[in-house]
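Trainee: build the 3D model from these lines:
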Amino acid sequence: MAHARCHGRKSFITVLYMVAVCGGIPINDLLDRASQHSDKLHSLSTTLAHELDSHFTPMGRMIMPRPSACHTSSLQTPSDKEQALQVSESDLLSLARSLLQAWVDPLVILSSSANTLPHPAQSKIINKIHELQEHSKNLGDGLNILSGKMDPTAQTISSLPYRGSNDIGQDKLSKLIKFHFLLSCFRRDSHKIDSFLKVLRCRAAKMQPHLC
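Mentor: Below is the predicted model of the structure:
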């Protein structure tokens, strides 16, 4: 039975589950798969941001909140790769998990709000938001398993509650601004998550720091 499970589907979360059951996949292989999903997450959010940019007015750009207003801004994270290389593996994984967890509720808001978003590519945006949710869930499940294979620090998650309204606004401009702002914050955080996981993957492969 266990042997059969070890030859099941090769999806990300299935493979990570098999590791928990069968214990046969090295941690650097797990990090390879995790970084592939985080890369997809950032790529999707970047594509979505470009879709919105194509229909965003100059006035909207002027009054959109600054990145410091993102609900995850209170989390102290490395500002670049050089700083990330100075952070322990467990702390980096903890930061990635904290950021990912902080977006569970806001992604639900983006998903529900996309149905009324005044944008010509609305259907495409809806589909990509659903993809973001799916990849976030799978990546989060995978990182939970990875954290159990590392120092207990990796299992620590900082609380970063989203305190914004579930309503993205009533008029066209306010809807576009709030939706764009939330997505911009997610894009920024998905880039951090992807960067942290790539540093972890690099370390697991014992590559030289300048190659990370």
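Trainee: so what's the residue positioned nearest the centre of the chain up against?
Mentor: For the chain, the residue nearest the mean C-alpha position is residue 190 (4.0 Å; CA atoms, centre = their mean). Going by CB atoms under 8 Å, 6 or more residues apart in numbering, residue 190 touches 38, 41, 42, 45. (Each C-beta comes from the backbone N, C-alpha and C, glycine too.)
Trainee: if you set the cut-off to 6 Å instead, what comes out?
Mentor: Contacts for residue 190 (CB atoms under 6 Å, 6 or more residues apart in numbering) come out as 41, 42, 45.
Trainee: can you give me the neighbour number for the last one?
Mentor: By that I understand residue 45. Residues near residue 45, counting by other CB atoms under 10 Å, number 24.
Trainee: that one and residue 189 touch, don't they?
Mentor: No - if you go by CB atoms under 6 Å, residue 45 and residue 189 don't touch, sitting 8.8 Å apart.
Trainee: how many residues are close by residue 199?
Mentor: Around residue 199 there are 22 other residues, counting by other CB under 10 Å.
Trainee: how close does it sit to residue 37?
Mentor: Here the criterion is CB to CB, to the nearest Å. By it, residue 199 lies 16 Å from residue 37.
Trainee: same check on residue 69?
Mentor: Taking CB to CB, one finds residue 69 at 28 Å from residue 37.
Trainee: with residue 176 instead?
Mentor: According to CB to CB, residue 176 and residue 37 sit 29 Å apart.
Trainee: report the buried residues of the longest helix that the chain contains.
Mentor: Longest helix of the chain, by residue count under DSSP state H: helix 172-204. By neighbour count on 16 or more other CB atoms under 10 Å, the buried set for helix 172-204 is 175-190, 192-204.
Trainee: what about the helices in the protein?
Mentor: 2-5, 12-22, 27-53, 58-63, 81-84, 89-102, 104-113, 122-147, 172-204.
Trainee: pull the number of nearby residues for residue 100.
Mentor: Residue 100 has 21 neighbours, counted by other CB under 10 Å.
Trainee: disregarding flanking residues, what is the spatial nearest neighbour of it?
Mentor: residue 140 (5.0 Å; CB to CB, 6 or more residues apart in numbering).
Trainee: so what pLDDT did that neighbour get?
Mentor: pLDDT recorded at residue 140 is 93.
Trainee: that one contacts residue 99, correct?
Mentor: No - taking contacts as CB under 6 Å, residue 140 lies outside contact range of residue 99: 10.3 Å.
Trainee: between the two, which one's more packed in?
Mentor: Counted by other CB under 10 Å, residue 140 and residue 99 do not tie: residue 99 has more neighbours, with 22 against 17.
Trainee: relative to residue 107, how far out is the residue lying closest to the more buried one once chain neighbours are set aside?
Mentor: In this structure, residue 99 finds its nearest non-sequential neighbour in residue 189, 4.7 Å apart by CB to CB, 6+ apart. According to CB to CB, residue 189 and residue 107 sit 11 Å apart.
Trainee: mean confidence for the longest helix of the chain?
Mentor: Mean pLDDT, helix 172-204: 90.
Trainee: pull the number of nearby residues for the nearest residue to residue 135 once chain neighbours are set aside.
Mentor: Spatially, and ignoring its direct neighbours in sequence, residue 135 is nearest to residue 41 (4.9 Å; CB to CB, 6+ apart). Neighbour count for residue 41, taken as other CB under 10 Å: 26.
Trainee: brilliant, that's me finished.
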